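1. below are the sequence and a predicted model for it; my questions follow.
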Amino acid sequence: MDTYADLIECEDVLLFANAAITSTGQREFHSSGHEQRLSLDFLHRYIQGNYPDVYAATLALDINDHNAALIVRNLLKRPGAGDGKLIAWRLARMSPPRVYRLFRNLRRDGINNRRTRAIIRDWLAARPDIAFDAVKYRSAVKAAVRHAHLRLGGELDDFLFTPRDRVRFGTPVLEAWRRAHYEKAALYELPYTVAEGFAARHGIGREVFLERITPRLTRLERLRLTESARKDGADTEADLAAMPLVRLASYLLSGPPVERRADLASALQAAAARVAGPRKGTWGSVVAVLDDSFSSYGSPVKRRRPLAIAVACDYLLEALAGSYQGRWLSRRADPLEMRPVGPTPLGQRIIDALEQRPDRLVIVSDGWDNAPPGLAAEVLRVWRRRLDPAGEVSIVHLNPVYDAEQFDVRRLSPLVPTVGIRDAEDLPALVELAAFAQGRTGLGELRAYLEDRAARR
Amino acid sequence: MIDLAGLATCPAQTWGSVRLVPLVRAEPITDLRLNAKVYGDELSMASLPDKTLYTAYVPHAFVASWTDDGTPAAAYGTQLGRPLRHMCIRTHRRMVRRVDKNRLRFLPLHLALEGFLALHFGGPSMVWEEWSRQAIAHGLSPRVEEAYSGAEVRGLDDALRVFEIYPGQCGLLLYVGDTLASAFVVPHPDDYRALHPTLVRDLYGELIYEYAMFYPARDFLAVIDETRVSSLEDLRAQAVRAEREWADFHDSVMAAGLLLAPAREEEVYRLGRFALRRFLPSFERQRENHIGETIVDESGRLAYLKTFRLSEAQSRRGYLLSVLAEHDWSLPTAASALGTDVATLGLRLERAGFGHLLRQDMLDAYRKAKR
């Protein structure tokens, strides 16, 4: 039997999980970046103060890197809080620039206890090629090494702190960096971001530079540079189908609708099939209500992010479901033509979707139902109370936007679980988590779930 | 009487104290198009027929293009680029000016405001003894009214930014603290999309500025009576009913003050089959008074509308002026028409900002009588 306090804890934990999945401290459509950071900071302090063990365990969930970095920082600030192994595991999954940024923030905040130094040491030791990092993230590596009082040994210490003392380096990438200062050919052995600076210094034309640096590009750099490189006549050979779904959808939406290519659609389908894997076609009949209203534009710093998530979910659900129908708010049908315009008539579209009597209804929206306001909540209430009291149609609302004012993602109705979503790949796990939000399962199960996730990692 | 026929009211969107009610046109008007001309921060001067200069800060002007034979017109901005920016002061020959055959440039709301400011501008028509020498020689000059720019109204910029424009939307009713601040209607959805941001450059009365600080607006949430629903068709019917109820409520209650506002109308310009007109309200106190300008076609269909809500003090001034003019500027007759005495009316005029129209010794006498 759950006590009242248990219920509150259960609610708080889910609220924090939603926030940690969606919020990146950046500007959103309805709130500024400052409001987002302020709200998120409060939430972190609140959860860490009241439920320290749950706070640490959240690292095991699919929360975004921004929040993971915040949690790690807050855990390291208090000696003894959290599990060192879990922290190390999470850092290993984050992108290196983010980890270096975290180390820099630790330095700025003056957090330098034994555990912090050990974690930095172990993380750097586990890097596959630290010399490469030292070239690509030179100042960041320098700051981390300094902060953790480390000696990297060999040439690296010289490279970082007294590079001019050596006439030549034994490590190829360090030597390439030294030679790139005066030899044009050497810079093509460096990572793209470093080579770009040298190319500008040597006055190398963009076209020549892009063509010769292409083999050194990373996966995401290839995608990011595709369009600008094409203007310069170079092909970055991005492997579209291997990209994460949402990133691919963002890339699709970045151009005007007329220029969107059909091969992108097939790449999205392939990526969705890859993500669905063995679950392909196992979800029965699914109908999705997808939000492409003006607010799905996001903000100038997160351009079309909510819309991209909706497009990615559209493709993924198509792969997961036996029979699938996507209902866009604007009544457009082709994802290649999507644009974030128009109001949010969620209520009407939910009725349209329920008419199909699917096994599962998935709503992907930021929850700002405004045409008319509150109709979606009423429709869902009447449906649950009156037309489908047994819950034959399982309904879940996925919300890609953190609402700074409510300290949570915006809900549509108390009768329908709402969970935050950041990457379409997490969709199956989120639907699992939604069961807790529905209030059918209690705190015990939720804690067991968190521990299980932490153990499974 | 303003007729919003052909424009359907859609559900409102709220943000802070601002409620925005979109109006959607089923059939857009294609042979009259509006476009914004953004002037930036310079002063504008217009030379008037009486060889005087009208100087104003005009953030933007509208350019109306029309065709005589009913074929679609192109919006002005699609043909010519933005104005060159090397001039510091723009000189407009007139407030409303034909910039080309079938193209007209006018300063939004300035027609309406000019109409309001020039109301009985000539001053006393009979030289009664109470009026000062200045009133008789110069009329109401200088006549001053104050307004706030939209950027100063708290939350208006954000409300306009997060507003989700409807497909086919041709107009917007803007409420602040559930008081109608401004109505804006254009002929074509494309024009609306282009002109939507100009709402933040418009003028708003003091009332609106203050209401924006104090009165948050709540959404009117749709409510469905679940006892009357037994199938999905019922649910859909109830949803449609909720939407229709809101539209009826809005048109009959919230916008009622606007629709009945115009008491005096005046035609300013003819644009092919359209007419540019301005209107003044009845200046009745304790109710909404809107001044504004419209473009209507020959059948009375509304193509363009822009209004300005007068604040209480402004409508009081308009009211006093119209009562005085109605009674040939005779204070005793006007006072008896208002059901009061001359001294009270004199002091009311002073409080309304017209003290300089009355002779100082008469004013002193009124003050003494009322002490």
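-> Now that the structure is in, tell me what you want to look at. Numbers count the residues shown, from 1 in each chain, chains lettered A, B, ... in the order given.

2. pretty sure A:A242 sits against A:L220.
-> No. Contact criterion Cβ atoms under 8 Å: A:A242 and A:L220 do not qualify, at 10.8 Å. C-beta here means a position set from N, CA and C on the backbone, and glycine is covered the same way.

3. what about the closest residue to B:G155 other than its chain neighbours, how many neighbours?
-> Nearest non-adjacent residue to B:G155, counting by Cβ to Cβ, 6 or more residues apart in numbering or on different chains: B:G16, 3.6 Å away. Counted with other Cβ atoms under 10 Å in any protein chain shown, the neighbours of B:G16 add up to 17.

4. okay, B:G16: pLDDT?
-> In this model, B:G16 is scored at 90, pLDDT.

5. what about residue 326, how many residues close to it?
-> In the absence of a named chain, this looks at chain A. Using other Cβ under 10 Å, A:G326 is surrounded by 22 other residues.

6. my question was about chain B
-> Burial measure for B:E326: 12 neighbouring residues, criterion other Cβ under 10 Å.

7. contacts only, for it.
-> B:334, B:337 (Cβ atoms under 8 Å, 6 or more residues apart in numbering or on different chains).

8. please report how far it lies from chain A.
-> Per Cβ to the nearest Cβ, to the nearest Å, B:E326 is found 46 Å from chain A.

9. how close does that residue get to B:Y366?
-> 21 Å (Cβ to Cβ, to the nearest Å).

10. go on, A:A267?
-> For A:A267, the distance to B:Y366 (Cβ to Cβ) stands at 85 Å.

11. kindly report the same for A:R27.
-> 59 Å.

12. out of these two, which sits in the busier spot?
-> B:Y366 (23 against 18).

13. isn't that one right up against B:T340?
-> No. If you go by Cβ under 8 Å, B:Y366 and B:T340 don't touch, sitting 11.7 Å apart.

14. now do the SS call for the residue nearest to B:G150 when sequence neighbours are not counted.
-> Of all residues not flanking B:G150 in the chain, B:V200 sits nearest, at 4.1 Å (Cβ to Cβ, 6+ apart). The three-state label given to B:V200 by DSSP: H, G, I helix; E, B strand; the rest coil is helix.

15. identify the residues contacting B:V200.
-> By Cβ under 8 Å, 6+ apart, B:V200 lies in contact with B:150-151, B:156-157, B:160.

16. now do B:A183
-> Listed by Cβ under 8 Å, 6+ apart, the contact partners of B:A183 are B:2, B:171-174, B:255, B:258, B:290, B:292, B:305-307.

17. next one: phi and psi at the closest residue to it other than its chain neighbours?
-> In this structure, B:A183 finds its nearest non-sequential neighbour in B:T307, 4.6 Å apart by Cβ to Cβ, 6+ apart. Torsion angles at B:T307 (phi, psi; degrees, to the nearest 10) stand at phi -130, psi 160.

18. burial measure for B:T307, as a count.
-> Neighbour tally, B:T307, other Cβ under 10 Å: 27.

19. can you name the residues bridging to it?
-> Residues in a beta bridge with B:T307, per DSSP bridges, are B:G292.

20. hmm, it is touching B:S182, no?
-> Yes. Applying Cβ under 8 Å, one finds B:T307 in contact with B:S182, separated by 5.7 Å.

21. list the buried residues of the helix or strand containing A:T116.
-> For A:T116, the element it lies in under DSSP states H and E is helix A:114-126. Neighbour-count burial for helix A:114-126 flags A:115-116, A:119-120, A:123-124 (criterion: 16 or more other Cβ atoms under 10 Å in any protein chain shown).

22. do you know how far the nearest residue to A:F29 once chain neighbours are set aside is from A:G197?
-> The shortest distance from A:F29 to any non-neighbouring residue, by Cβ to Cβ, 6+ apart, is to A:S295 (4.6 Å). A:S295 sits at a distance of 38 Å from A:G197 (criterion: Cβ to Cβ).

23. which residue of the two possesses the greater neighbour count?
-> Legend: neighbour count by other Cβ under 10 Å for A:S295 and A:G197, higher for A:S295 (25 against 12).

24. list the contacts of the more buried one.
-> A:S295 neighbours (Cβ under 8 Å, 6+ apart): A:29-30, A:306, A:340, A:344, A:366, A:368, B:162, B:164.

25. who touches stretch A:50-59?
-> By Cβ under 8 Å, 6+ apart, the list of residues contacting stretch A:50-59 reads A:9, A:12-13, A:16-17, A:20, A:44, A:47-48, A:68, A:71-72, A:74-75, A:81-83, A:86-87, A:89-90, A:447, A:450-451, A:453-454.

26. thinking again about what came up before, restricted to helices, list the contacts of B:V200.
-> Taking DSSP state H, the ones among these that sit in helices are B:156-157, B:160.

27. any chance of a markdown table for the contacts of B:V200, columns neighbour count and distance to A:S330?
-> Output for the contacts of B:V200, formatted as a markdown table (neighbours: other Cβ atoms under 10 Å in any protein chain shown; distance: Cβ to Cβ, whole Å):
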| residue | neighbour count | distance to A:S330 |
| --- | --- | --- |
| B:G150 | 23 | 29 |
| B:A151 | 12 | 31 |
| B:L156 | 28 | 27 |
| B:D157 | 16 | 26 |
| B:L160 | 19 | 21 |
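
28. tell me which two in the residues you listed are the farthest apart.
-> Across the contacts of B:V200, the longest distance by Cβ to Cβ is 10.5 Å; it joins B:A151 and B:L160.

29. show me where the stretch 251-371 of chain B has strands.
-> Assigned by DSSP state E, counting those that start in this stretch, the stretch 251-371 of chain B shows strands spanning B:264-271, B:274-280, B:290-296, B:302-309.

30. report the mean confidence score over the first one.
-> For strand B:264-271, the per-residue pLDDT values average out at 82.

31. what's the offset of it from the middle of its chain?
-> 15 Å (Cα atoms, centre = their mean, to the nearest Å).

32. ok, the second one next?
-> Using Cα atoms, centre = their mean, we find the averaged C-alpha position of strand B:274-280 to lie 12 Å away from the chain's own average C-alpha position.
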